[in-house]
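**Q** following is a predicted model, sequence given first.
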Amino acid sequence: MFLPFSHGAGSIFMNILYEPLLLNISCFSDFPKLLKHKTCSYAPNVTKFQKYNNAVLLAMQGNGELAGDVTNSFNHKVYINNGGELNGIPHIQTLREFPRKELFGKAVMVRFDSNILLKQEHNQKNQSDFNALFTIQYLHEAEAKVILVSDWKTNTSELHLEQVADFLSGIFQIQVVPLQGISCNKLSKVKDLQKENIYLIESLYNIKDEVANCLEFSRVLSTGVDIFVNDSFSSSHKVLASTVGVTRFCYACLAGFHFEVKLRLVKNLAETNKKPYVAIIGGGNLAEKAASFRFLASRCHGFVFVGMMSFQIMHASRVQVPIDFVDHKALPEALDIVRLARDNNVKILYPKDFWCRNKYNRKQLHVFPSHEILDGWVPIDLGPITLDEIGSLLSDCKKITWIGPVKFADGSEETNGGSKLAKILDQLSKGNCETTVVGTTACNLVTQETSSLSSINMVENASAVWEFLKGRKLPGVMAVDRAYPFEIKWNNVYSDPTQSLVVDIGSGNGLFLFEMARKRKDLNFLGLEMNEKLVLRCLDSIQQFGIKNGHFVATNATSTFRSIVSSYPGKLVLVSIQCPNPDFNKPEHRWRMLQRSLIEAVADLLSSGGKVFLQSDVEEVAMRMKEQFSRYSKNKLVMEHHGQSDYWLDENPFGVKSDWEKHVLERGAPMFRMLFSKSSEIRSEVSVSNDVIQKVG
């Protein structure tokens, strides 16, 4: 019944333009048809997994329909009203957005979800299976060296490493080679792996260092790996070495296709663009989940309780329920939820009747009103009046989220309240109602009872969703590289976006760029910095002092430099990297800025005659930067020689010093500086970038 109430009702990530954010998850326009049938001479022993294998192979044959299905799942737009981070979830770098050509020849570790790829039964209607397959197929087709890792249980002979490798070989029609043991000696040979195969590391299930997120174990696990792809969203609420720790040692960390879709669905739970919006809440443990209701109450128009949690809400609402089903310790939380619903004008629907079983005769079933359950009878399922009332309420909804099972005591096949609820949602989803189902039990019911899943969204793991609803950050998501959330509107950023551009990578507190922007009004300046707090301060200063030729972005430039700068309408004439972390070459420190992908992007996007300025107060760091730019710049950058040293510049050529450079010079320590130029057959084009140095100096 409804309780009528008369009373009324994380950090921002690059909220630069203060507009609603449109994240367009578009089609894979340049993706190959990956999942067509391939001839494979390797004949795996799939034994117990044969049923699943046949279903997948059937879907993978023919004209690439599976790839089309995966592609279509991304034709979705997510509107985030606050223009920034949503409940602790940042915009992250995805495999879909990562340049495909940069995968060629790279060692890519994929953390896959064993509950999806290794399950014995497969339902072709389940899009999750297809997306998980697509991630690995896509990487293999891009000619990356693919290494798989997960944490499946090894309690049967069919789940030993060799058997799992055989099973996966059958799924992908590509030989999956088992890698026995996890040690530096064995994994250091990753660079020698053949791209034609896929490799599988032994299960991490019984390894304590995995659960403890051991730093040394993470380093060993990621030995030789260039890029990490997390495609196990079900583990995103945990801190594991294989999802969090390894990201410290890989230069790019991305979300796979399955991970991206599930994260998009979870984010979409917060959207209120479709009304009325009702949350169906099952399961128990109200005390542990109480924090989630503040988030839900701010977005939903109704709560429908269908599980053990309903007894706590009924008790808090002074409805008589069997004392055995009341958790008195959860009463404060239940009272808070009822009060919260009242204050936010959220209606509450709890069961009006139950199917009950006789304690002394298990075959005897009877329907009782929820407030008149007789002694000796135990509620086991939702009653018919309750299901009718739920169906009536939901009939007008435009958005529904079902999280948690319809489960009380021992259920009965004769009652099947969960199945009936799944059928109700199936009918509504065929109309104009956006439906999302969360949790293994609920998803299984929907899979069994619905004719098509094309209009129902499913997130199998409820634990990660509950953590999101509580407002907590998901460690597995936060460990993935952050990406710029939408295309920069350069006309809104700079007064004249056609002016030549100067980019400072690792801009810190921005003092260097602020001084440069003050001196050179004819140039635009862009700072790229991973520390969001520093970026927000810089953006506040930009607005406070009315600077029209300066801007800052919170991002990992290693992953996003190319996508950000390539859209700029003017020329890129100068890139500077100053005083990066001096401990980057120690295994216990992660230093990802100056990697091959970034250097190649700088070399490609820099205009003819453009400059790259590098400096550090640590000679070893400066030498490392020099060597990497010389090695990875595709012979497009040439080091300039000035002063007495073969390498170092005697003075800062700009006459503008960063705060750290000032600090170093004040204590009498040296700075190690160098300048690269982009080679050009037409030397007259060098004038713009030379002018940057001369006029500022």
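**A** Good, I have the coordinates. Numbers count the residues shown, from 1 in each chain.
**Q** can you pull the contacts of Lys399?
**A** Residues near Lys399 by Cβ atoms under 8 Å, 6 or more residues apart in numbering: Glu271, Lys274, Lys275, Pro276, Tyr277, Val278, Cys433, Glu434, Thr435. Glycine gets a C-beta too; all of them are placed from N, C-alpha and C.
**Q** before we move on, what about Tyr568?
**A** By Cβ under 8 Å, 6+ apart, the contact list for Tyr568 reads Ile488, Trp490, Pro497, Leu501.
**Q** looking at this, it is in a helix?
**A** No - looking at Tyr568 with DSSP: H, G, I helix; E, B strand; the rest coil, it is coil, so not inside a helix.
**Q** that one and Val493, how far apart?
**A** As judged by Cβ to Cβ, to the nearest Å, Tyr568 and Val493 stand 10 Å apart.
**Q** make a markdown table from the contacts of Tyr568 and add secondary structure and neighbour count to it.
**A** Formatted as a markdown table, those follow (DSSP: H, G, I helix; E, B strand; the rest coil; neighbours: other Cβ atoms under 10 Å):
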| residue | secondary structure | neighbour count |
| --- | --- | --- |
| Ile488 | coil | 21 |
| Trp490 | helix | 18 |
| Pro497 | coil | 17 |
| Leu501 | strand | 26 |
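**Q** doesn't Met625 belong to a strand?
**A** No - counting by three-state DSSP, Met625 falls outside a strand, being helix.
**Q** returning to that earlier point: sitting in strands, which of the contacts of Lys399 do you find?
**A** If you go by DSSP state E, the contacts of Lys399 have Tyr277, Val278, Glu434, Thr435 in strands.
**Q** any chance of those residues in JSON lines, plus pLDDT?
**A** Below are the ones in strands among the contacts of Lys399 laid out as JSON lines (pLDDT from 0 to 100):
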{"residue": "Tyr277", "pLDDT": "96"}
{"residue": "Val278", "pLDDT": "96"}
{"residue": "Glu434", "pLDDT": "93"}
{"residue": "Thr435", "pLDDT": "93"}
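**Q** my read: Phe354 touches Gly383, true?
**A** Yes - taking Cβ atoms under 8 Å as the definition, Phe354 is a contact partner of Gly383 at 5.1 Å.
**Q** anything in contact with each of the two?
**A** Common neighbours of Phe354 and Gly383, using Cβ under 8 Å, 6+ apart, are Val367, Phe368, Ser370.
**Q** quick one on the thing from earlier: of Phe354 and Gly383, which one has the most company?
**A** Using other Cβ atoms under 10 Å as the criterion, Phe354 and Gly383 rank with Phe354 on top: 27 against 22.
**Q** residues touching that one, list them.
**A** Contact partners of Phe354, counting by Cβ under 8 Å, 6+ apart, are Val367, Phe368, Ser370, Ile373, Pro379, Ile380, Asp381, Leu382, Gly383, Thr386, Phe408.
**Q** switch the cut-off to 6 Å
**A** Residues counted as contacts of Phe354 (Cβ atoms under 6 Å, 6 or more residues apart in numbering) are Phe368, Ser370, Pro379, Gly383.
**Q** now the two most distant members of these.
**A** Distances among the contacts of Phe354 were taken as Cβ to Cβ; the most separated pair is Pro379 and Gly383, at 8.9 Å.
**Q** what's the helix or strand for Val573?
**A** Assigned by DSSP states H and E, Val573 belongs to strand 572-578.
**Q** looking at the shared contacts of Phe354 and Gly383, which are in helices?
**A** Among these, none falls in helices (DSSP state H).
**Q** from those, which would you call buried?
**A** Ser370 (16 or more other Cβ atoms under 10 Å).
**Q** dump the shared contacts of Phe354 and Gly383 into JSON lines; add pLDDT as well.
**A** Output for these, formatted as JSON lines (pLDDT from 0 to 100):
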{"residue": "Val367", "pLDDT": "94"}
{"residue": "Phe368", "pLDDT": "94"}
{"residue": "Ser370", "pLDDT": "90"}
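**Q** among the shared contacts of Phe354 and Gly383, which are in strands?
**A** Using DSSP E, the shared contacts of Phe354 and Gly383 in strands are Val367, Phe368.
**Q** can you list the shared contacts of Phe354 and Gly383 in a markdown table and add distance to Leu215?
**A** Shown next, in a markdown table, are these (distance: Cβ to Cβ, whole Å):
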| residue | distance to Leu215 |
| --- | --- |
| Val367 | 58 |
| Phe368 | 57 |
| Ser370 | 53 |
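**Q** on that earlier part again, buried among the contacts of Lys399? Need that as a selection in PyMOL.
**A** Selection of buried members from those for PyMOL, criterion 16+ other Cβ under 10 Å:
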select buried, resi 271+276+277+278+433+434+435
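**Q** list just the nearest of the contacts of Lys399 to Trp648.
**A** Among those, and counting by Cβ to Cβ, the member closest to Trp648 is Glu271, at 54.0 Å.
**Q** which residues touch the closest one?
**A** Contacts of Glu271 by Cβ under 6 Å, 6+ apart: none found.
**Q** next: the one 10 residues further on.
**A** By Cβ under 6 Å, 6+ apart, the contact set of Ile281 is Phe305, Gly404.
**Q** dig out what it forms beta bridges with.
**A** Phe305, Ile403 (DSSP bridges).
**Q** how close does it sit to Ser310?
**A** According to Cβ to Cβ, Ile281 and Ser310 sit 8 Å apart.
**Q** any low-confidence regions in the stretch 301-450 of the chain?
**A** For the stretch 301-450 of the chain, the stretches with pLDDT under 70 are 409-414.
**Q** and the helices in it?
**A** With DSSP state H, counting those that start in this stretch as the criterion, the stretch 301-450 of the chain has helices at 309-316, 331-343, 384-394, 417-429, 440-449.
**Q** for the third one, buried residues please.
**A** To tie it back to what came earlier, the one meant is helix 384-394. Ile385, Thr386, Leu387, Glu389, Ile390, Gly391, Leu393, Leu394.
**Q** count of neighbours near the closest residue to the fourth one other than its chain neighbours?
**A** Leaving out its chain neighbours, the residue that sits closest to Glu389 by Cβ to Cβ, 6 or more residues apart in numbering is Lys352, at 6.1 Å. Around Lys352 there are 19 other residues, counting by other Cβ under 10 Å.
**Q** what do you get for Gln320?
**A** That count, for Gln320 with other Cβ under 10 Å as the rule, works out to 12.
**Q** can you give me phi and psi for it?
**A** Here is the backbone geometry of Gln320 (degrees, to the nearest 10): phi -70, psi 130.
**Q** my guess is it contacts Glu372, does it?
**A** No - in this structure, Gln320 is not within contact of Glu372 by Cβ atoms under 6 Å, at 7.9 Å.
**Q** how about the secondary structure of Glu533?
**A** Rather than Glu, residue 533 is Lys. Secondary structure assignment for Lys533 (three-state DSSP): helix.
**Q** ok, it to His301 distance?
**A** With distances taken as Cβ to Cβ, Lys533 is found 36 Å from His301.
**Q** any idea how many residues pack against the spatially closest residue to Arg299 that is not a sequence neighbour?
**A** Distances taken as Cβ to Cβ, 6+ apart place Thr272 nearest to Arg299, at 5.1 Å, with adjacent residues excluded. Thr272 has 13 neighbouring residues, counting by other Cβ under 10 Å.
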